[in-house]
Structure formats: structure tokens, C-alpha cells
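> let's see this in three dimensions:
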Amino acid sequence: MQSEHILRYTKEADDFNNALPIGNGRMGGMVYGRVSKELIGLNEDSVWSGGLRNRVNPDAQEGLKEVRELLRQGDIPAAEKTAFEKMQGINPNSRHYMPLADLNIDLIHEGEEISGYERRLDISEAVAAVEYSAGGVKYKREYFASAPDAAIVAHFTADKPGTLNFDAGIDGRDDYYDDNRPCAENMILFTGGTGSADGIFFAAVLAGNIKGGSLRTVGKKLRVRGADEATLFVTARTGFYEKEGYKDKAVSDAEAVYAKEYLKLKEEHIADYKKYYERVSLILEEDKEKKESLTTDLRIAAFKEEANRDNGLMELYFNFGRYLMISGSRPGSQPLNLQGIWNKDMWPAWGSKFTVNINTEMNYWPAESCNLSECHEPLFDLLERVCVNGRRMAKEMYGIDKGFVSHHNTDIWGDAAPQDEWIPATLWPMSGAWLALHVYLHYEYTKDIAFLKEKYHLLKEAAEFFTEFLIEDEEGRLVTSPSVSPENTYKTDKGVTGCLCIGPSMDSQIITVLFNEVIESAGILGIDEGFAKELGELLKKIPAPEIGKYGQIKEWAVDYDEVEPGHRHISQLFALHPAELITPGKTPELAKAARATLERRLSHGGGHTGWSRAWIANMWARLYDSEKLYENLHKLLGLSTNPNMFDNHPPFQIDGNFGGTAAIAEALLQCTGGEIILLPALPEEWKNGEVKGLRAKGGVSVDISWKDGKFVNAFITSDKGGQYRLRYKDEVKLVEAAAGVRTGCY
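Next up, the predicted model:
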């Protein structure tokens with residue numbers, strides 16, 4: 001049993017933060033592994049709280065003019081008051097994510113003493129398991145979420161015939177459901193809806209079969225008595241995907257999976273999963289005592305001690321992030337929200353929405369670099385819906401007839417209106433632009449011209465909005481107004497605090513990258529020459545990153561102090577990561593200022609949320625600071641990781657998992673400035689190791705090995721062939737690679 005692929009525990013899960021996730025992209029389950037009262041929390045990614053609302057404030061355009069003028073005058077309190085009255089959405093909340101139900105399984109052991117308990121999650125096969133002995137019988141359960149068969153599967157065995165006895169049923173919603181009763185022999189149909197007449201309606205089926213003993217429906221449950229072996233199946237469909245016939249589809253899914261042998265189901269599931277998971281491997285050879293004998297929760301707890309080292313746990317964390325990506329985001333599913341697809345609450349924290357002022361974007365940072373490009377696709381599907389609603393938002397809210405805009409949150413419908421009654425975040429018009437950058441990122445890694453041609457309009461329309469929205473500041477520069485530096489608050493030299501402002505640094509950085517990528521894309525596709533030239537002229541007036549009074553990158557156009565110097569967002573360093581406007585090689589003074597920014601944030605308590613710590617780790621990687629990168633990864637695992645390896649904001653937010661996975665990849669391979677950079681931030685703790693299958697821009701897979709902290713060799717495999725510029729420290733090589741041929745580089 002390889003510890004870098006196994007999460008292992010010797011106690012039942014007493015809460016969500018100890019339960020183990022399974023998923024097939026669309027359906028998710030949280031397995032608690034309880035002996036007598038087993039619980040699997042069920043999710044389906046399109047179960048949201050209702051339909052699309054029109055939330056545009058009819059006074060928004062009037063408010064825009066007033067707010068801009070008040071900001072010019074420096075009357076920040078009045079600007080914020082007017083913005084809330086006239087620009088905030090009529091209903092401040094878009095829809096939120098909800099659980100599907102709970103699968104409860106009551107197992108009968110007649111008070112027998114339990115021994116030898118263990119539960120685990122094998123992320124190399126995406127199978128969870130529970131084992132224990134009771135009354136001289138050894139029981140075993142296996143759980144997985146099959147993508148090929150669109151079902152969650154639970155399999156029960158015992159080493160003594162006729163000893164499996166349990167009742168199982170679906171329930172657990174506290175809003176309403178339509179029905180919960182047998183629909184066929186050995187099948188229960190659970191149906192309901194969410195929120196409003198145009199909301200999302202769902203159907204889930206619980207089915208089962210056995211070997212030996214008896215199985216029947218009793219009320220709303222399945223009852224198993226005296227069985228040798230038993231398998232339960234859960235299927236689910238919703239009106240979001242199936243406008244008509246979602247109930248029939250859920251039943252037909254169950255009928256199809258019911259007819260299959262368990263071992264065949266498991267074999268097909270594992271084969272489907274491994275085609276993604278086995279693309280990448282990471283080995284960090286241990287140079288200290290190995291920790292495999294410890295359970296995963298104890299290994300994580302040990303990381304609270306700064307001196308603790310456990311390279312195996314680092315490997316496991318990296319692999320777990322890839323597992324979550326494959327399990328939570330597949331072609332045709334919804335993208336990963338704040339909790340991926342794993343949510344237990346009817347009213348989850350922050351609505352478990354798509355928070356798009358960093359969190360959703362962070363979810364997809366490892367998608368390309370970790371060779372899971374297909375898992376990126378759901379984000380583009382959502383962005384198409386955001387674009388449709390964002391066009392109306394641009395016109396009705398801002399009076400702009402071109403392009404689209406969205407704000408700091410969206411939902412399954414692509415709601416683009418301002419979200420939340422919270423001035424530090426609400427009126428931030430940049431999320432559509434940031435999301436659109438993922439289109440070009442996907443192209444850079446895949447070199448898929450057909451994809452770029454299909455999705456180019458998202459880049460173009462995001463840019464078109466800003467050609468009309470930008471205004472000139474007092475220095476003649478083109479800036480956004482009104483906007484915020486996400487979730488942060490500043491203090492003027494007169495002691496006034498505020499959030500709304502003119503021209504926050506992050507906005508200008510995003511627009512700079514966006515305009516450049518539209519220009520690049522237009523050139524690649526041979527279109528929009530005139531529009532590209534227009535953007536080129538506008539770029540000359542977009543502010544570049546500036547250095548402030550503390551030697552830091554300025555967060556606002558005015559060099560304000562932060563009310564909270566250790567704030568979790570470090571938005572002004574977007575230019576460093578995920579963008580590459582700041583690099584140590586090409587902009588050394590700005591890189592020095594970026595370092596000062598990080599040091600200032602951290603010295604005041606920054607990095608106190610999991611996702612923030614993960615972002616910081618990525619930034620240190622971009623500064624080639626292996627010591628600081630490792631320090632922050634260590635704190636991410638030790639201080640912001642739950643026993644089940646889920647990131648802890650707190651509460652649970654999945655973005656930190658993906659940000660941490662991306663940071664480990666960034667330590668080993670980066671692609672900036674047209675170069676593939678090998679081992680740019682290799683920590684001394686990872687003295688010996690190898691990584692295979694990481695992706696670089698240009699359609700390239702890269703394998704690297706190192707020993708005693710020094711590079712040994714690298715191989716690249718190019719999808720389409722070409723010449724590549726590779727760098728290791730100060731040594732640069734041009735490598736010519738034929739398509740599909742593994743080519744040695746050093």
C-alpha cells in the first residue's frame with residue numbers, strides 16, 4: 001500500500017471534516033464510514049436553490065454617474081452610500097448550491113464488539129473502503145462514484161455467509177421534496193425541487209441487489225436481511241440537464257447499473273479514472289524517518305510543528321488535489337464551486353457559489369499544469385452563461401452596448417449582477433475579464449486552434465466592455481471606476497476609510513493581460529485587425545504596476561494604507577501570479593517590490609485562510625524562493641488542512657487544495673516569458689525526487705529528475721512538435737522535439 005496514494009484512518013468520521021469525498025464530476029458523496037449508522041452525504045452539481053433572477057437595479061446608470069463624480073470629489077462615504085442604493089442588485093443574492101440528500105444505512109450488529117476498524121480512500125483508484133470485525137465476522141465496504149455508469153456505488157461483503165443485515169434510505173433535505181417511495185422492485189425514487197417555479201427539480205434513485213438472503217422495499221427504504229453480499233446504487237438527474245424526463249432518466253440510469261456485476265462496475269470505474277490520474281506522478285524521496293505508520297489525520301496534525309517533515313504527506317496532498325479535480329470537474333459537469341461538489345448544508349457558507357474574485361479561478365490553476373486539461377472545460381461552459389447575462393448587465397447597468405461584465409460572484413445560471421450587501425466586494429466589474437483569461441491559458445497549454453476560435457468571443461467581449469467603461473483619471477490614464485481591490489479596505493491620509501475607488505491596481509493588471517491576449521488571439525486567428533490596433537492604443541494608457549511608500553506594489557492608484565495590513569487578499573500581486581507581468585528576470589525592481597508586499601502582509605498575520613496561504617505559496621514560487629515556498633506549503637498543511645485533507649478557510653473551502661497543488665507544480669516547473677523553467681523553486685527538503693507528466697505551455701509534457709537538490713535530467717514530449725526554450729537556473733537550451741517523441745533535453 002503506497003502512502004502517497006492512500007488516506008487512512010482508524011476511527012469513524014464524526015463530522016464532515018473527517019469524512020472522505022468521492023465523485024464522478026456531476027455526483028459527489030461524503031463517506032463517513034460509520035459502523036452502525038453509516039452516512040453518505042449526496043450531492044449533484046446542478047442542485048441549486050432556484051431559477052435565474054433579474055436583479056439589475058433600475059437606477060444603476062444614474063447611480064454610476066453620481067458615484068463616479070463623488071469618487072472624483074473624494075467623498076467616499078457618499079459614493080458608497082449611493083452605490084448601495086442605486087447600483088446594488090435589487091435582490092442582493094444570486095442562487096446558492098444545495099445538497100441533494102443523505103443516504104443513511106442502518107447496519108445491524110446486535111451490540112457486538114467492534115475491532116480492527118480502518119477506513120481509507122485510495123486516490124490511485126478513487127475507491128473508499130471501510131473494514132472492521134464484529135462477532136467473529138469481518139465486514140468490508142467499498143464506495144466509488146462511477147463516471148461511466150453515472151452512479152454512486154456502495155458494496156458490502158462479509159467473510160461469513162448470511163451476516164449482512166441493514167436498512168437503507170435517502171432523506172435529509174429540510175426544504176421540501178415531492179415523494180420518496182418505491183418505483184420498481186428494489187428501487188426507491190426520491191424527487192423534489194428547489195426554490196421557485198422556474199427552479200431546479202431533481203430525482204434520485206436508490207437501488208440495490210444482493211447475493212443470498214432477502215431484499216425488499218419497506219416504506220421508503222430498502223431492507224437487506226441475511227445476505228452474503230449486497231450492492232447499493234444511487235443515480236440522480238435534474239431538470240437543469242434534462243428539461244423533460246429527468247425522473248425517467250434517473251430510473252433508467254439505475255436500471256442500467258443494476259444489471260451489471262459489481263466487479264465489472266468497479267473495473268470500468270477504475271479504468272476511466274486512471275486515464276486521468278496516471279498522467280502525472282511525483283516522487284519526493286524521504287531523507288528522514290518515514291511516517292507511513294501514522295494515520296493521515298495524525299500526519300496532518302504533526303505538521304503543526306514547524307520542524308516536522310513528511311515528504312510523503314506532501315506527495316499525498318499533491319495527488320489529493322488531482323483526485324479532487326478529476327472527481328469534481330469533468331466535461332459536461334458544472335465547474336468547481338467554493339466546495340467543489342461536496343456540500344452538506346442547505347445554506348452553506350457564502351452560498352457555496354462560484355466566487356470569482358479569485359476562488360473559482362484558483363480552483364483551476366492546476367488543471368493545465370497537472371495534465372487535466374479536460375477538467376477545465378466546465379469553467380468555459382459556465383462562462384458562456386455568464387457572458388449571456390453579462391451582456392444584459394453591461395447594457396442595463398452601465399449603459400454599454402458592447403461586451404459583457406460580471407461581478408464578484410456568480411451561480412449556476414451565470415448571474416452577472418452585483419452580489420451581496422458588502423461594499424468591500426460587491427461592485428467589482430472584473431470577474432468576466434479574469435475568467436476569460438482562462439480561455440487563452442487553455443489555448444497556451446493545448447495549442448488547440450479550434451478551441452481558441454470557438455471561445456475567442458469571450459475574450460473579445462470581455463475587452464469590448466472595457467473600451468467603453470474605462471475613464472481617464474487626473475493623470476490621463478485609463479482606469480476603472482467605480483471598483484474595489486477585492487474585499488480590502490483602505491484609509492486615506494485624512495483618516496477616512498473606504499472600499500470603492502478609482503483604478504485599483506488589480507483591475508489595471510487584469511485589463512493589461514486581457515487586451516494583450518485579445519491582440520495575440522486575433523493575430524493567431526487572422527481576424528479583428530482593427531480591434532487589435534484599438535486595444536494596442538488603449539494599452540498605452542493603462543497604468544502599469546507601481547512601487548509605493550513601503551517599497552511594496554501599490555494596491556490602489558493612491559498609495560493608501562490598508563486598514564488590515566495582513567489582509568487575506570493580495571490582489572495587487574495578480575501581476576506576479578497568476579499573470580507574469582512581474583518576473584525576477586525581466587522586472588527585477590518590481591519583483592523586489594512584490595517580495596516586500598508579501599513580507600508586509602505576512603508580518604501582519606496574512607495567510608490566515610487556506611486559499612490565501614496557497615496563493616502566497618504560488619507567489620513565492622514565482623519569485624524562485626524555495627525556502628518561503630516550502631514554509632508556506634508547510635503552514636498550509638499544518639494550519640489550514642482538515643483531517644480529511646480538505647482545505648480549511650475556515651470553514652471548508654476547496655480552493656486552497658487546488659492552490660496548494662498548483663504551488664507544488666510551480667516549484668518544479670514554470671512557463672513564463674516564453675521559457676520552460678525547470679526546478680525554479682525546489683525546496684531543500686525535497687532533496688531527491690522526480691516528477692513525470694507535468695504540462696508546459698506549447699502542448700508539452702515534461703519529466704524531470706533531481707538528486708541531492710540538483711537537476712539530473714529532463715525529457716519533453718511535444719503534442720505537435722516544435723522548438724522549445726528550456727531554462728535551468730542560468731543555463732538555457734533550445735530543444736527541437738518531434739511530435740509524440742520523448743526527447744532528452746540535458
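
> now the helix or strand hosting residue 216: how far from the chain's centre is it?
Under the assignment given by DSSP states H and E, the secondary-structure element containing residue 216 is strand 214-218. Mean-position distance between strand 214-218 and its chain equals 40 Å (C-alpha atoms, centre = their mean, to the nearest Å).

> could you do stretch 457-477 as well?
28 Å.

> where in the stretch 101-250 of the chain is pLDDT low?
Scanning the stretch 101-250 of the chain for pLDDT under 70 picks out 175-177.

> hang on, isn't residue 584 packed against residue 624?
Yes - Residue 584 lies in contact with residue 624 (C-beta atoms under 8 Å); the separation is 5.9 Å. The C-beta positions use only the backbone N, C-alpha and C, and glycine is treated the same way.

> so what's the predicted local confidence for the nearest residue to residue 693 once chain neighbours are set aside?
Beyond its immediate neighbours in the sequence, the residue positioned closest to residue 693 (C-beta to C-beta, 6 or more residues apart in numbering) is residue 280, lying 3.9 Å away. Note on residue 280: pLDDT of 98.

> about what we covered before: helices or strands next to the helix or strand following the strand holding residue 216 in the packing?
Sequence order places strand 221-227 as the next helix or strand after strand 214-218, per DSSP H and E. Using 3 or more C-beta pairs under 8 Å, 6 or more residues apart in numbering; DSSP states H and E as the contact definition, the elements that strand 221-227 packs against are strand 164-171, strand 200-211, strand 214-218.

> what comes up buried for strand 221-227?
Of the residues in strand 221-227, 221-224, 227 count as buried by neighbour count, 16 or more other C-beta atoms under 10 Å.

> can you list contacts of it?
Applying C-beta atoms under 8 Å, 6 or more residues apart in numbering, the set of residues contacting strand 221-227 from outside is 156, 162-169, 186, 188, 206-208, 210-217, 230, 232.

> now with 6 Å, please.
By C-beta atoms under 6 Å, 6 or more residues apart in numbering, the surrounding residues in contact with strand 221-227 are 162, 164-169, 208, 210, 212-216, 230.

> now swap in stretch 575-582 and tell me
Residues contacting stretch 575-582 (C-beta under 6 Å, 6+ apart): 509, 513, 545, 590-591, 594, 618-619, 622, 672.

> distance check, the nearest residue to residue 331 once chain neighbours are set aside against residue 631.
Leaving aside its sequence neighbours, residue 331 sits nearest to residue 377 (C-beta to C-beta, 6+ apart; 4.8 Å). Taken as C-beta to C-beta, to the nearest Å, the spacing of residue 377 relative to residue 631 amounts to 35 Å.

> now residue 275, what are its backbone angles?
Backbone torsions for residue 275, taken as degrees, to the nearest 10, come to phi -60, psi -20.

> cool, residue 314 as well?
Phi and psi for residue 314, reported as degrees, to the nearest 10, are phi -60, psi -40.

> now residue 115
Residue 115 adopts backbone torsions of phi -140, psi 160, taken as degrees, to the nearest 10.

> where does pLDDT dip in the stretch 251-400 of the chain?
Across the stretch 251-400 of the chain, residues meeting the criterion (pLDDT under 70) sit at 287-290, 292.

> now with 50, please.
288 (pLDDT under 50).

> ends of stretch 278-297, how far apart?
Across stretch 278-297, the straight-line distance between its terminal residues is 25 Å, by C-alpha to C-alpha, to the nearest Å.

> thought residue 447 was touching residue 699?
Yes - with the criterion set as C-beta atoms under 6 Å, residue 447 and residue 699 qualify as a contacting pair; they are 4.3 Å apart.

> and the residue nearest to residue 331, how far is that from residue 401?
Taken as C-beta to C-beta, the spacing of residue 377 relative to residue 401 amounts to 30 Å.

> measure stretch 576-587 end to end?
10 Å.

> same question for stretch 258-266.
13 Å.

> what does it contact?
Residues beyond stretch 258-266 that count as contacts (C-beta under 6 Å, 6+ apart) turn out to be 153, 155, 207, 231.

> could these go into TSV alongside distance to residue 487 and secondary structure?
Written out in TSV, the entries for those read as follows (distance: C-beta to C-beta, whole Å; DSSP: H, G, I helix; E, B strand; the rest coil):
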residue	distance to residue 487	secondary structure
153	41	strand
155	45	strand
207	46	strand
231	47	strand
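
> pick out the most distant pair among those residues.
155 and 207 (13.1 Å; C-beta to C-beta).

> which one's more surrounded, these two?
More neighbours surround residue 207 than the other of residue 155 and residue 207, with 25 against 20 (other C-beta atoms under 10 Å).

> hey, what's that one bridged with?
For residue 207, the residues forming beta bridges with it (DSSP bridges) are residue 187, residue 233.

> got the contact list for it?
Counting by C-beta under 6 Å, 6+ apart, residue 207 touches 186-187, 233, 254, 258.

> repeat that for residue 561.
If a contact means C-beta under 6 Å, 6+ apart, then residue 561 has residue 491 as its contacts.
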